[in-house]
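[1] need coordinates for the below:
(4 chains)
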Protein chains: 2
Amino acid sequence: MEANFSVTEENYIKAIYHLQKADGNVGTNEVAAELNTKAASVTDMLKKLKQKKVLNYEKYHGFSLSSQGRKIALGIVRKHRLWEFFLVEKLQFGWDEVHAMAEELEHVSSKKLIDKLDDFLGNPKFDPHGDPIPDVNGKMVALPQVNLTDLPVNQQAQVSSVGIQSTALLELLKHKQIAIGTQLQVKKQFAFDHSIEIKIKGHAAFIISQQLAQALFVQVME
Amino acid sequence: MEANFSVTEENYIKAIYHLQKADGNVGTNEVAAELNTKAASVTDMLKKLKQKKVLNYEKYHGFSLSSQGRKIALGIVRKHRLWEFFLVEKLQFGWDEVHAMAEELEHVSSKKLIDKLDDFLGNPKFDPHGDPIPDVNGKMVALPQVNLTDLPVNQQAQVSSVGIQSTALLELLKHKQIAIGTQLQVKKQFAFDHSIEIKIKGHAAFIISQQLAQALFVQVME
DNA sequence: TAAATATTTTAGATTTGTCTAAAATTATTT
DNA sequence: AAATAATTTTAGACAAATCTAAAATATTTA
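    Here you go, the predicted model:
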């Protein structure tokens, strides 16, 4: 009795899942940008996905995946990441070339196929980009944390914890508008004093000291 | 510069390829039956495929794949059979369960992917059903011939040659409407006199003698 | 070869996913 | 809180692939 979704519907579900995870609050324009389509088309699809019980949606008041929708999204993410693993580990592709192929393969339906593939690959926990692979039940391992000083340049990441429990640190973080969950990228690393330039979504880039960077841990994002 | 075909177009090309191979002369109704659609839809698609130079087509006077169309068809067959091989050999599926999955996988586009898959599988020459797999250049090994007396019951096959060059045999074959290319299945084998009951497409089943069966060689079909 | 039958094609409608342009609603400024 | 700006939704149209019913053509039969 598995519900059936078109490739287009699956792409919407996946896009909303990823944007929601990154942003919390997602709008039609963001979804449209992600899928190279227009806000009007997104609205049309929102209505359909609401009817299919995949979305909570009240018009003009936003939308979010239902628990069923989240389950479907995890299934697609699982397929995507397992195929990426297969392409890199078995077919010897570079991890930079596999995304587009996995976008196609993830819509091949059979759950039995993907479960057998999972076994064949040895039930890997992370895909070649370091993203966790959901298991048969949709559970996935938490992303390993990385110190901000070790984050590769331009890698999108999310602040996940701080290494020091001090009021002084908290004050500084507050001033720089950094908090748990803040998304950032490292833009430059300066050898002289090990300071780094970071960029937070919607803000101008700015530089933080080595001491501060060492106190921050992040999770890499897709 | 690879031309781009929709999944639907690819399915038409593949269906026409298979029917043409089996039948020589193919009509819209046959294609419609193969694809679970209607003759009118087939006509629409024929026009489109003619425009794309995949088909030779004059309305009311039949159609056949162009050499370009044949090349495309072979590419699809190659994908289909390599995926079937993968599913059976690597993922441990039974060869009776893989057809539907391969139908989906064959439309995943990248040629590079399929060539790497081919290498990964060790460049197999036959799929799990015994059908030959076209290589990178579309070449495939000819199907081994089987004597009709050795053909398993219900296996679809095509008469490929006769073992005796006699007028008497020819007369009999003509009368029974059997020729090179005729598609048939063995329906029953009678132990008493080793006669067998065969069924030719569009005809009622009938019985042929052991002597006649021994004179006929067939190629197994998909 | 003319009539009957079968096949193929056209005409017009339907569904899915998309678009543009305009209208409705919500959010932000001042 | 009005005015302005941004976002979201509707209305109406379009392309792809399909359908049904009717018309055109080809084939078979008598």
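[2] in the longest helix belonging to chain A, what counts as buried?
    Of all segments of type helix in chain A, defined using DSSP state H, the longest is helix A:67-89. For helix A:67-89, the neighbour count (16 or more other Cβ atoms under 10 Å in any protein chain shown) marks A:69-70, A:72-88 as buried. No exception for glycine: its C-beta is placed from N, CA and C like everyone else's.
[3] quick check, that helix touching chain B?
    Yes - under the criterion of Cβ under 8 Å from any Cβ of the partner chain, chain B is reached by helix A:67-89 at residue A:87.
[4] list the contacts of the closest residue to residue A:126 other than its chain neighbours.
    Sequence neighbours aside, residue A:132 is the residue nearest to residue A:126 in space, at 5.7 Å (criterion: Cβ to Cβ, 6 or more residues apart in numbering or on different chains). Residues near residue A:132 by Cβ atoms under 8 Å, 6 or more residues apart in numbering or on different chains: A:81, A:125, A:126, A:140, A:141, A:142, A:143.
[5] what do you get if the cut-off is 7 Å, keeping everything else the same?
    A:125, A:126, A:140, A:141, A:143 (Cβ atoms under 7 Å, 6 or more residues apart in numbering or on different chains).
[6] out of those residues, who's nearest chain B?
    residue A:125 (19.8 Å; Cβ to the nearest Cβ).
[7] how many other residues sit next to that closest one?
    The number of residues packed near residue A:125 is 13, by other Cβ atoms under 10 Å in any protein chain shown.
[8] now it: phi and psi?
    Dihedral pair for residue A:125: phi -100, psi -20, per degrees, to the nearest 10.
[9] can I assume it is in contact with residue A:141?
    Yes - the pair residue A:125 / residue A:141 is scored as a contact, 5.1 Å apart, by Cβ atoms under 7 Å.
[10] show me the helices in chain A, by range?
    Using DSSP H, helices in chain A cover A:7-23, A:28-34, A:39-51, A:67-89, A:99-105, A:111-120, A:167-176, A:210-215.
[11] the third one near DNA strand C at all?
    Yes - contact between helix A:39-51 and DNA strand C, assessed by Cβ under 7 Å from any atom of the strand, occurs at A:40, A:41, A:44, A:45, A:48.
[12] show me the contacts for residue A:87.
    Contacts of residue A:87 by Cβ under 7 Å, 6+ apart are A:93, A:98, A:101, A:102.
[13] got it, and residue A:113?
    Counted by Cβ under 7 Å, 6+ apart, residue A:113 has contacts residue B:101.
[14] give the residue farthest from the middle of chain A.
    residue A:192 (33.2 Å; Cα atoms, centre = their mean).
[15] winner for burial among the helices of chain A?
    helix A:67-89 (a mean of 21; mean count of other Cβ atoms under 10 Å in any protein chain shown).
[16] got the CA positions of that helix in PDB?
    Extracted as PDB, the C-alpha positions of helix A:67-89 are listed here (Å, rounded to 0.1, in the frame of the first residue of the first chain):
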ATOM      1  CA  SER A  67       5.400  13.400   9.800                       C
ATOM      2  CA  GLN A  68       4.400  11.400   6.900                       C
ATOM      3  CA  GLY A  69       6.100  13.900   4.600                       C
ATOM      4  CA  ARG A  70       9.200  13.700   6.600                       C
ATOM      5  CA  LYS A  71       9.200   9.900   6.300                       C
ATOM      6  CA  ILE A  72       9.000  10.200   2.600                       C
ATOM      7  CA  ALA A  73      11.700  12.800   2.400                       C
ATOM      8  CA  LEU A  74      14.000  10.500   4.500                       C
ATOM      9  CA  GLY A  75      13.300   7.700   2.100                       C
ATOM     10  CA  ILE A  76      14.400   9.800  -0.800                       C
ATOM     11  CA  VAL A  77      17.500  11.100   1.000                       C
ATOM     12  CA  ARG A  78      18.300   7.500   1.800                       C
ATOM     13  CA  LYS A  79      18.100   6.500  -1.900                       C
ATOM     14  CA  HIS A  80      20.200   9.500  -3.000                       C
ATOM     15  CA  ARG A  81      23.000   8.900  -0.500                       C
ATOM     16  CA  LEU A  82      23.200   5.200  -1.000                       C
ATOM     17  CA  TRP A  83      23.400   5.600  -4.800                       C
ATOM     18  CA  GLU A  84      26.100   8.200  -4.300                       C
ATOM     19  CA  PHE A  85      28.000   5.800  -2.100                       C
ATOM     20  CA  PHE A  86      27.600   3.100  -4.800                       C
ATOM     21  CA  LEU A  87      28.800   5.400  -7.600                       C
ATOM     22  CA  VAL A  88      31.900   6.400  -5.700                       C
ATOM     23  CA  GLU A  89      32.900   3.200  -3.900                       C
END
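[17] hmm, that helix touching DNA strand C?
    No - counting by Cβ under 7 Å from any atom of the strand, DNA strand C is not contacted by helix A:67-89; separation bottoms out at 14.3 Å.
[18] give me the mean pLDDT for that helix.
    Mean pLDDT, computed over helix A:67-89, is 94.
[19] how far is that helix from where the chain is centred?
    What separates the centre of helix A:67-89 from the centre of its chain is 12 Å, taken as Cα atoms, centre = their mean, to the nearest Å.
[20] what's the angle between it and helix B:111-120?
    If you take axes from the mean of the first three to the mean of the last three Cα atoms, to 10 degrees, helix A:67-89 sits at 60 degrees to helix B:111-120.
[21] so who does residue A:63 touch?
    A:46, A:55, A:56, A:57.
[22] now with 10 Å, please.
    Neighbour list for residue A:63: A:16, A:20, A:26-28, A:31, A:42-43, A:46, A:49-50, A:54-57, A:69 [criterion: Cβ atoms under 10 Å, 6 or more residues apart in numbering or on different chains].
[23] which one is it nearest to, not counting chain neighbours?
    Spatial nearest neighbour of residue A:63, chain neighbours left out: residue A:57 (3.9 Å); criterion: Cβ to Cβ, 6+ apart.
[24] tally of neighbours for the one you found?
    Residue A:57 is flanked by 17 other residues according to other Cβ under 10 Å.
[25] can you tell me how far the residue of chain A found nearest DNA strand D is from residue A:34?
    Closest approach of chain A to DNA strand D (Cβ to the nearest atom of the strand) occurs at residue A:27, with a separation of 2.8 Å. According to Cβ to Cβ, to the nearest Å, residue A:27 and residue A:34 sit 11 Å apart.
[26] now the residue farthest from the centre of chain A: phi and psi?
    When quoted as degrees, to the nearest 10, the phi and psi of residue A:192 stand at phi -60, psi -50.
[27] tell me who's in contact with residue A:33.
    Contact analysis of residue A:33 by Cβ under 10 Å, 6+ apart lists A:15, A:19, A:27, A:39, A:42.
[28] which of the residues you listed are close to chain B?
    Checked against chain B using Cβ under 10 Å from any Cβ of the partner chain, the contacts of residue A:33 give no members in range.
[29] between these, which sits nearest residue A:207?
    Proximity of those to residue A:207 was ranked by Cβ to Cβ; the top entry is residue A:19 with 28.9 Å.
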